[in-house]
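Asks: Fold the stuff below for me.
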Amino acid sequence: MLIRSTLTALALVLAGPALAQDATTEAPAADAGTTEVPAEATNAEAPAAEVLPDIALGAEDAPLTIYEYASFTCGHCANFHDENFPKLKSEYIDTGKVRFIQRDIYFDAVGLWAGILARCGGDDKYYPIADMLFDEQKTWLSGQSGDEIAGNLRKIGLKAGLTEDQMNACWEDTAKVEQLVATFQTNATADGIDATPTFMIGGDKVKNQPWDDMKAIIDDKLAEAQN
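Replies: Numbering: from 1, shown residues only. Purely as a prediction, here's the structure:
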């Protein structure tokens with residue numbers, strides 16, 4: 001995968017997706033595991049910007065909160081959302097047992113473009129757009145240039161009900177982009193995140209793993225929270 005420091009990615013985004021002709025990236029092989037987050041991404045000095053609040057799924061009074069650190073260009077993250085997230089949602093989120101929060105990791109330029117798009121429609125559209133980005137990851141990442149990838153992302157935005165003007169405004173909103181980068185670096189550094197997907201479950205850092213193993217951890221943490 002072509003890796004750039006977060007600040008370089010930020011500079012590319014501020015220039016506009018259509019202008020970043022060389023900002024291609026390659027998805028990792030679709031096998032179980034995690035994708036390493038380069039040290040320069042979290043070690044770089046974050047912009048002096050506001051840290052944005054989390055966007056949550058599930059009941060506010062759920063006894064357990066699960067944070068997922070994920071990148072929209074991470075093949076392992078797409079696999080988790082295809083195979084395991086539906087089980088997590090149906091068994092735990094929809095039943096009021098778990099409150100789920102995705103925290104985006106940006107370690108390449110187009111991952112940041114996708115993260116901006118996910119936030120572009122407001123909180124209500126964040127998870128629906130995030131689902132589309134993971135579901136169609138191989139398709140939109142197949143572009144051979146920044147122009148092609150940006151065009152693919154625009155197609156997803158249009159399907160989600162965004163307008164061309166909305167997307168342009170979001171990608172050109174330098175203050176919001178700086179907030180997203182600051183939010184990513186602040187949260188990832190605080191939790192010691194070095195790979196995606198990585199989960200924080202009941203305060204413990206949990207690596208990606210088969211569903212049965214993760215389910216056992218969730219059940220143990222739920223039991224602790226309810227005692």
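
Asks: quick one, what contacts L57?
Replies: 89, 93, 99-101, 127 (Cβ atoms under 8 Å, 6 or more residues apart in numbering). All C-beta atoms are positioned from the backbone trio N, CA, C, and that covers glycine.

Asks: Same question for A114.
Replies: 72-73, 133, 140, 153.

Asks: Find the centremost residue of the chain, please.
Replies: Centroid check for the chain by Cα atoms, centre = their mean gives D104 as the closest residue, at 3.1 Å.

Asks: And the furthest pair within the contacts of A114?
Replies: The largest separation in those, counting by Cβ to Cβ, is between T73 and L153 at 11.4 Å.

Asks: Which one of those two is surrounded by more residues?
Replies: The residue with more neighbours, out of T73 and L153, is T73; 31 against 26, by other Cβ atoms under 10 Å.

Asks: helix or strand for Q209, which one?
Replies: Secondary structure assigned from DSSP states H and E places Q209 in neither a helix nor a strand.

Asks: For it, grab the count of nearby residues.
Replies: The local packing count at Q209 equals 17, with neighbours defined by other Cβ under 10 Å.

Asks: what's the burial count for the closest residue to A56 other than its chain neighbours?
Replies: Spatially, and ignoring its direct neighbours in sequence, A56 is nearest to I101 (5.0 Å; Cβ to Cβ, 6 or more residues apart in numbering). Using other Cβ under 10 Å, the number of residues around I101 comes to 17.

Asks: Give me the sheet partners of the helix or strand I101 falls within and which way each runs.
Replies: Using DSSP H and E, I101 falls within strand 98-104. Using DSSP bridges, the strands paired with strand 98-104 are strand 56-57 (antiparallel), strand 64-70 (parallel).

Asks: Now tabulate those strands in a markdown table and tack on distance to Q179 and mean pLDDT.
Replies: A markdown table is the format used below for the strands paired with strand 98-104 (distance: least, Cβ to Cβ, whole Å; pLDDT from 0 to 100):
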| stretch | distance to Q179 | mean pLDDT |
| --- | --- | --- |
| strand 56-57 | 18 | 98 |
| strand 64-70 | 17 | 97 |
